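>>> the following block contains a protein sequence and its predicted model.
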Amino acid sequence: MMGATLPVSAQITIDGTDITFSDASKQSTAATGGGGGGDLTNVTIVQADGTATENGTALKAAMDAITNDGEGGVADVTTVIQLAAGTYDLGANTLTLKPNTLIRGVGRIASIITGQGSVLIDNVGTGDLDGHDMVLRDLQVKMTTTGTGIYLDNAAYLECFRIALVMDVSGGVTSIGVDIDGAEMDMTESYLTGDPNNSGGSVTLLRVANG
């Protein structure tokens, strides 16, 4: 067994392909990887001990450092990014999810990903994504301005478990919560909510196209 000693808000134990979190819940990497599952090769803890912008920069850097980009085939591995309680502000940047990645927070009101870019979260646009899942778990995606919260294409598959997508927008802006174009998204114990005080603007919680 390989273990990691972390602050209580982000404590995990790794045993082969199984991850046990501080709330005693378990996540098997075999359920998040492609095909027959795979080995857990990396767990990155992104603490929220800086400003919201610094936290967002650290989150994006952790994702960008993952080498699974779908080009030339994807290794049968799963990489986990564990978030602490706090706000991760991406600014104008987009968090591009890599194949076989899991981002796990510590609760829908505790770990918040936000930003002001045209797209908050998307997937890689090239390579073979079929069978190589991506997972968001126990966190909140919060939109505060014009743009799209989550955009999926290229036959991507995103699993959302205990996710809140909050459209906290105002001032007559146009925003889309989830935009799916030739991809698939599974939401379990999750919800999307829009702010009704966006007079003169438009909020679309879910848009689906054939791709």
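Arrived safely, thanks for sending. Numbering: from 1, shown residues only.

>>> just list the residues touching the one residue sitting closest to the centre of the chain, thanks.
What sits nearest the mean C-alpha location of the chain, by C-alpha atoms, centre = their mean, is residue 136, with 4.1 Å. Going by C-beta atoms under 8 Å, 6 or more residues apart in numbering, residue 136 touches 103, 121, 158, 159, 160, 161, 163. Using the backbone N, CA and C atoms, a C-beta is placed for each residue, glycine as well.

>>> how about a cut-off of 7 Å?
Counting by C-beta atoms under 7 Å, 6 or more residues apart in numbering, residue 136 makes contact with 103, 158, 160, 163.

>>> try residue 153
If you count contacts by C-beta under 7 Å, 6+ apart, residue 153 has them with 125, 181, 182, 183, 211.

>>> swap the cut-off to 8 Å and go again
Listed by C-beta under 8 Å, 6+ apart, the contact partners of residue 153 are 122, 123, 125, 180, 181, 182, 183, 211.

>>> so of the contacts of residue 136, which ones are in strands?
Assigned to strands by DSSP state E, the following of these qualify: 103, 158, 160, 163.

>>> of those residues, closest to residue 169?
Nearest to residue 169 out of the ones in strands among the contacts of residue 136 is residue 163 (C-beta to C-beta; 18.1 Å).

>>> wait, what's in contact with the residue nearest to that closest one when sequence neighbours are not counted?
Once flanking residues are discounted, residue 163 sits nearest to residue 190: 4.1 Å by C-beta to C-beta, 6 or more residues apart in numbering. Counting by C-beta under 8 Å, 6+ apart, residue 190 makes contact with 160, 161, 162, 163, 164, 165.

>>> which stretches of this protein form helices?
In the chain, the segments counted as helices under DSSP state H are 52-64.

>>> give me the low-pLDDT residue ranges for it?
Within the chain, the stretches with pLDDT under 70 are 1-41, 68-77, 126-128, 130-131, 195-196, 211.

>>> so how far is residue 201 from residue 186?
Noted for residue 186: a distance of 29 Å to residue 201, by C-beta to C-beta, to the nearest Å.

>>> comparing the two, which residue is more hemmed in?
Shown here are residue 186 and residue 201; by other C-beta atoms under 10 Å, residue 201 has more neighbours (15 against 12).

>>> that one against residue 169, yeah?
Yes. Assessed by C-beta atoms under 8 Å, residue 201 is found in contact with residue 169 at 6.9 Å.
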